[in-house]
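> Here is a sequence with its predicted model. Questions after.
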Amino acid sequence: MSLLQSLAASLLLVAACALAQEPTPTAPPDPQQIERKSDEAKPIDLKPDASGAVPIEQIRELLRRAEEKDLQNDKQQRDYTYLEREEQHHLDSHGAVKKTESRTLEVLEIYGEQVERLTAKDDKPLPTDEAKKEDEKIQKIIDKRKNESEEARRKRLVREEKEREDDRKFVLEVADAFNFRLVGSEVVDGRDTWVLDGEPRPGYEAKSREAKALSKVKGRIWIDKAEAQWVKLDITTLDTISFGLVLARIHKGTRVIVELTLVNDEVWLPKRVQLHLDARLALVKSYDEDVEQLYRDYKKFRTDTKITVVGEENRQ
């Protein structure tokens with residue numbers, strides 16, 4: 001995926017996930033928090049008013065639980081390797097497909113860092129020389145982390161924690177920035193879910209620069225009733241979203257759909273992401289594409305996993 005596409009997808013996915021999150025309290029645990037944990041197993045019974053609006057307190061509790069699930073999923077995802085296949089359909093000015101290409105990636109977790117290794121293009125294995133370069137890239141990351149000094153590690157962890165804290169501050173505004181309405185219930189992959197629509201709250205003033213984008217997206221979220229786990233998100237931009245100095249713009253109508261799946265009855269991980277991108281970079285290059293990412297072959301990662309060159313198994 002190109003830089004602009006990654007930027008667009010990242011923003012939309014953050015906005016999407018934000019609909020299902022509210023930051024974990026940073027204050028020390030108190031009796032109320034302890035009591036709240038004892039209620040985690042109890043399903044939430046949403047009770048909307050006559051117009052379908054759900055009281056903000058119920059929304060906050062539902063999203064708080066969903067966010068707790070996200071934290072658990074994030075930690076457990078690091079125990080898995082998986083394959084990601086991305087297919088891009090480049091569209092012409094009439095919306096017809098003019099070119100299709102795909103990439104297949106193996107996703108690894110190395111010293112706490114998620115790393116991608118390209119294994120195929122257009123469903124064809126990489127030539128041996130290209131595959132070797134991918135393996136060398138992975139090995140460099142392993143060597144870098146293995147030989148990392150304590151000071152470098154400390155700075156990296158501080159930087160990563162700051163990024164997480166910035167994310168928490170961003171999602172802190174979500175419950176205030178949106179009006180949520182209970183649409184109803186729906187069965188998704190055999191599971192009963194609540195279906196909520198989120199619309200920007202009129203007149204809301206963002207507290208952070210990043211949160212300004214929230215006024216330009218709307219979304220629908222499906223949350224598992226039994227587990228308070230979001231299982232599907234559908235986000236659409238309502239207006240053009242611009243990005244700083246590179247003058248990148250995501251136009252109105254860009255849409256992303258994210259679906260999760262339950263793996264090994266223990267963790268919810270990505271199943272499919274669909275993105276319709278209408279964007280422009282530096283007022284020169286336009287992007288009009290449909291992108292689909294499929295995730296499969298989730299496997300528990302072993303510390304003794306050996307990195308091999310693609311096709312090497314066939315030669316042994």
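Arrived safely.

> okay, and the helix or strand of the protein with the least pLDDT?
In the chain, no helix or strand scores lower on mean pLDDT, DSSP states H and E than helix 3-19, which sits at a mean of 37.

> Which elements pack onto the helix or strand hosting Arg159?
Using DSSP states H and E, Arg159 sits within helix 150-171. Here helix 150-171 touches helix 3-19, going by 3 or more C-beta pairs under 8 Å, 6 or more residues apart in numbering; DSSP states H and E. C-beta here means a position set from N, CA and C on the backbone, and glycine is covered the same way.

> Report pLDDT for Met93.
Careful, residue 93 is Ser and not Met. Per-residue pLDDT puts Ser93 at 81.

> For it, grab the count of nearby residues.
8 (other C-beta atoms under 10 Å).

> who's in contact with it?
Ser93 makes contacts with Asp288, as judged by C-beta atoms under 8 Å, 6 or more residues apart in numbering.

> Equivalent analysis for Pro48, please.
Neighbouring residues of Pro48 by C-beta under 8 Å, 6+ apart: Val54, Arg181, Leu182.

> Now intersect the residues you listed with the strands, please.
The strands, defined by DSSP state E, take in Arg181, Leu182 from the contacts of Pro48.

> Sort the contacts of Pro48 by pLDDT and name the bottom one.
Val54 (72).

> Arg272 sits in which helix or strand?
Arg272 belongs to strand 267-281, assigned by DSSP H and E.

> Kindly report the same for Thr100.
Counting by DSSP H and E, Thr100 is found in strand 97-110.

> after that strand, next one along is what?
strand 113-121.

> Give me the buried stretch members for that following strand, please.
Arg117, Leu118, Thr119, Ala120 (16 or more other C-beta atoms under 10 Å).

> Tell me which stretches of the protein form strands.
Using DSSP E, strands in the chain cover 80-91, 97-110, 113-121, 124-125, 178-188, 191-200, 217-224, 230-237, 241-243, 248-250, 255-263, 267-281, 285-300.

> and the fourth one, which strands flank it?
Think strand 124-125. According to DSSP bridges, strand 124-125 forms sheet pairs with strand 113-121 (antiparallel).

> pLDDT below threshold where in the stretch 201-316 of the chain?
244-247, 282-284, 302-316 (pLDDT under 70).

> can we see that at 90?
201, 203-215, 225-230, 240-251, 277-288, 300-316 (pLDDT under 90).

> Look up which residues are beta-bridged to the closest residue to Ser51 other than its chain neighbours.
Spatial nearest neighbour of Ser51, excluding adjacent residues (C-beta to C-beta, 6 or more residues apart in numbering): Arg181 at 7.8 Å. Applying DSSP bridges to Arg181 gives these bridge partners: Ala53, Asp197.

> How about the one 5 residues further on?
Going by DSSP bridges, Glu186 is paired in beta bridges with Thr193.
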